[in-house]
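Asker: mind folding the following:
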Amino acid sequence: MSDSKTPFEFESALGELEQLVAKMEGGDLSLEDSLQAFEQGIRLTRQCQQALASAEQRVQILLEQNGESVAQPFQPQGE
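Answerer: This is a model prediction of the structure:
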């Protein structure tokens with residue numbers, strides 16, 4: 001996991017979280033290793049949630065026009 005001196009990379013954290021989940025689901029970890037993996041997973045989850053909240057805030061700022069939010073309908077690609 002990255003330390004506080006390096007910038008947070010969402011994709012790396014998400015990949016690391018996926019690896020932790022796979023290890024834990026495998027059932028081969030000891031109780032202590034499982035607890036450590038769980039704690040690390042919680043830290044990664046919180047970091048990812050913060051990054052997503054920050055990105056959402058940035059999007060809201062970009063969508064504001066004249067001090068008012070302008071709702072934009074979501075249109076998935078391919079429709």
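Asker: for residue 47, give me its contacts.
Answerer: For residue 47, the set of contacting residues under the criterion of Cβ atoms under 8 Å, 6 or more residues apart in numbering consists of 8, 13. The way it works is simple: take the backbone N, C-alpha and C, and place the C-beta from them, glycine included.
Asker: where does it sit: helix, strand or coil?
Answerer: In three-state terms, and counting by DSSP: H, G, I helix; E, B strand; the rest coil, residue 47 is helix.
Asker: quick one: pLDDT of it?
Answerer: Residue 47 is assigned a predicted lDDT (pLDDT) of 93.
Asker: for residue 50, same thing?
Answerer: At residue 50, the model reports a pLDDT of 92.
Asker: who are the contact partners of the residue most central in space within the chain?
Answerer: Among the residues of the chain, residue 48 comes closest to the average C-alpha position under Cα atoms, centre = their mean, at 2.3 Å. Contacts were defined as Cβ under 8 Å, 6+ apart; by that measure residue 48 touches 10, 13, 14, 17.
Asker: switch to 10 Å and redo it
Answerer: For residue 48, the contacting residues are 8, 10, 11, 13, 14, 16, 17, taking Cβ atoms under 10 Å, 6 or more residues apart in numbering as the criterion.
Asker: now do the strands in the chain.
Answerer: For the chain, the strands defined by DSSP state E occupy 64-65, 68-69.
Asker: remind me which residues of the chain are low pLDDT?
Answerer: Counting by pLDDT under 70, the ranges of the chain that qualify are 1-6, 65-67, 69-72, 74, 77-79.
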